[in-house]
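In: quick one, structure for this:
(one chain, ligands or ions: 1)
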Amino acid sequence: MSTLRRSTILDFGMELEADEVRQARLGARLRAVVAHAYEHAPRVRRAMDAAGVTPADVRGLEDLQKLPITRKDALPAMQAEEAPFGGLLGVPVERLARVFMSPGPIFDPQGEAEDFWRFRHALAAAGFRRGEIAHNSASYHLTPLGFMLDAAARSHGCVVVPAGVGQTELQIKVAAHLKATAYLGTPSFLHALVSRARELGTPLHFEAAFVVAEMLPESLRAELESEFGIRVLQGYGTADLGCVSYECTEKDGWHMHPECIVEVLDLETGKAAAPGQPGEVVVTLFDEAYPLLRLSTGDISALAPDLPCPCSRTAPKMTGLLGRIGDAVKVKGMFVRGAEIAAVMQRFPEVKRYQAVVTREKHQDQLAYAVELAVPADDEAALAARLASALREAVKIRGDVRLVPPGSIPENAKRVDDRRVWK
Ligand SMILES: [Zn+2]
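Out: Down below sits the predicted model:
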């Protein structure tokens with residue numbers, strides 16, 4: 001623990017570039033990858049032809065919206081119909097490094113590039129350093145996360161221990177013996193490792209952790225930091241896209257990755273969503289091996305307000321994940337989305353857990369919110385009224401807010417619980 005850990009490493013000039021410079025750079029890369037994909041990926045060519053778009057129509061970022069969207073949930077059918085990659089691969093299969101299979105099933109190609117999935121920026125932000133022993137508890141088996149994090153850590157000159165998943169006590173032995181200083185994997189497994197190690201009386205030496213693939217509750221992060229002395233930063237990515245965004249040490253939103261194009265699209269109009277408005281995350285990649293153009297992830301996020309980040313990175317931020325497409329229930333003829341509720345609740349630090357409950361009384365839909373507070377409020381009625389008003393504004397339907405005792409709402413409760421019985 002004696003070594004000074006740099007709070008953040010900004011060794012990539014592109015993280016500091018001015019907006020116009022970034023937009024010009026992304027625009028030029030978009031132009032190049034569209035031309036390549038049109039030439040080499042038959043499905044891209046067919047989709048662009050059907051949309052009446054030619055590569056020459058895409059000159060820069062301002063033309064992005066001309067390109068058709070590919071839905072991630074359509075990939076399994078595309079790949080089944082046109083094996084192995086649905087006509088979206090941009091190089092011959094023999095030029096790939098590895099192929100993975102994720103749930104769906106979706107086959108994920110890995111191109112030849114070092115750090116193909118671009119997680120190195122995220123690890124730099126999390127303070128990973130050359131020569132450090134990085135214990136990687138992400139799976140190396142068939143799905144790509146283990147290799148994704150491995151490649152990024154190696155690109156920083158870290159020494160990676162490919163621990164994979166499971167066998168908690170064996171992993172503790174390995175990490176203790178090697179004095180691993182950094183952790184890669186899910187936050188819940190990190191917690192399991194350090195808690196069990198403490199029970200066993202085995203000292204671990206983790207100082208930095210980069211976690212993905214799960215929600216990271218702030219209470220868990222706080223415990224890992226204060227109880228175990230581990231700095232924990234998180235990122236967001238998918239098996240097909242690699243890294244999409246990541247936290248800096250401000251821990252207040254996730255910077256968009258500078259080497260791909262990240263859009264947040266309004267759920268109704270499909271146009272760019274305003275800051276704070278929930279929208280679907282849609283990503284465009286530049287690697288010629290797998291030139292995914294406007295892949296819609298099904299994940300819902302929102303753009304953070306356009307304010308300079310104290311870390312000096314200039315890329316815009318996302319506010320974290322708010323839910324998945326399909327997380328919607330029709331109430332009084334209107335869609336109520338978990339993501340919209342989440343966006344409001346995030347603005348109230350007093351709120352610890354919540355659930356929207358839809359019931360039906362006398363053939364009328366009823367919407368109510370059960371809310372648990374992190375700490376007791378001075379004036380509960382006033383807080384409930386402010387919450388109800390903010391929710392009404394966002395959700396467009398009136399719903400009562402009921403403050404409930406801690407522990408009333410199950411930890412993994414659905415955000416919108418539809419209890420209506422139709423008979
Ligand atoms: Zn920042």
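In: contacts only, for the spatially closest residue to A50 that is not a sequence neighbour.
Out: Nearest in space to A50, with sequence neighbours left out and distances taken as C-beta to C-beta, 6 or more residues apart in numbering, is P68 at 7.4 Å. No exception for glycine: its C-beta is placed from N, CA and C like everyone else's. If you count contacts by C-beta atoms under 8 Å, 6 or more residues apart in numbering, P68 has them with A47, M48, A50, A51, V53, L293, R294.
In: try it again at 10 Å.
Out: V44, R46, A47, M48, A50, A51, V53, L293, R294 (C-beta atoms under 10 Å, 6 or more residues apart in numbering).
In: tell me which element the residue positioned nearest the centre of the chain falls in.
Out: Among the residues of the chain, Y236 comes closest to the average C-alpha position under C-alpha atoms, centre = their mean, at 2.7 Å. Using DSSP states H and E, Y236 falls within strand 231-238.
In: do that strand and the ion meet?
Out: No. Applying C-beta under 5 Å from the ion, one finds strand 231-238 out of contact with the ion, separated by at least 10.6 Å.
In: moving C-terminal of that strand, what's the next helix or strand?
Out: Taking DSSP H and E, what comes next after strand 231-238 is strand 242-247.
In: list the strands paired with that following strand, with their directions.
Out: strand 231-238 (antiparallel), strand 254-256 (antiparallel) (DSSP bridges).
In: right, and the helix or strand after the shortest one?
Out: So that's strand 254-256. Assignment by DSSP H and E places the next element after strand 254-256 at strand 261-266.
In: okay, D73: pLDDT?
Out: Looking at D73, its pLDDT stands at 87.
In: ok, back up a step: winner for burial among the strands paired with strand 242-247?
Out: strand 254-256 (a mean of 26; mean count of other C-beta atoms under 10 Å).
In: circling back: wait, doesn't the residue nearest to the centre of the chain sit right on T297?
Out: Yes. Between Y236 and T297 there is a contact at 9.4 Å, judged by C-beta atoms under 10 Å.
In: show me the contacts for K173.
Out: Q167, A197, L200, T202.
In: and the second one, helix, strand or coil?
Out: Just to be clear, that refers to A197. The three-state label given to A197 by DSSP: H, G, I helix; E, B strand; the rest coil is helix.
In: bridged to the residue nearest to the centre of the chain, which residues?
Out: With DSSP bridges as the rule, Y236 is bridged to S245.
In: and it, what does it touch?
Out: Counted by C-beta under 10 Å, 6+ apart, Y236 has contacts 122, 212-213, 243-247, 254, 256-257, 262, 281, 297, 299, 301, 318, 320-321.
In: coming back round to it: so what's in contact with Y236 and T297 at the same time?
Out: V244, V262, V281, L321.
In: can you tell me the element the third one falls in?
Out: For V281, the host element (DSSP H and E) is strand 279-284.
In: the following helix or strand past that strand pairs with which strands?
Out: Next helix or strand after strand 279-284 toward the C-terminus (DSSP H and E): strand 295-301. With DSSP bridges as the test, strand 295-301 is paired with strand 70-71 (parallel), strand 279-284 (antiparallel), strand 323-324 (antiparallel).
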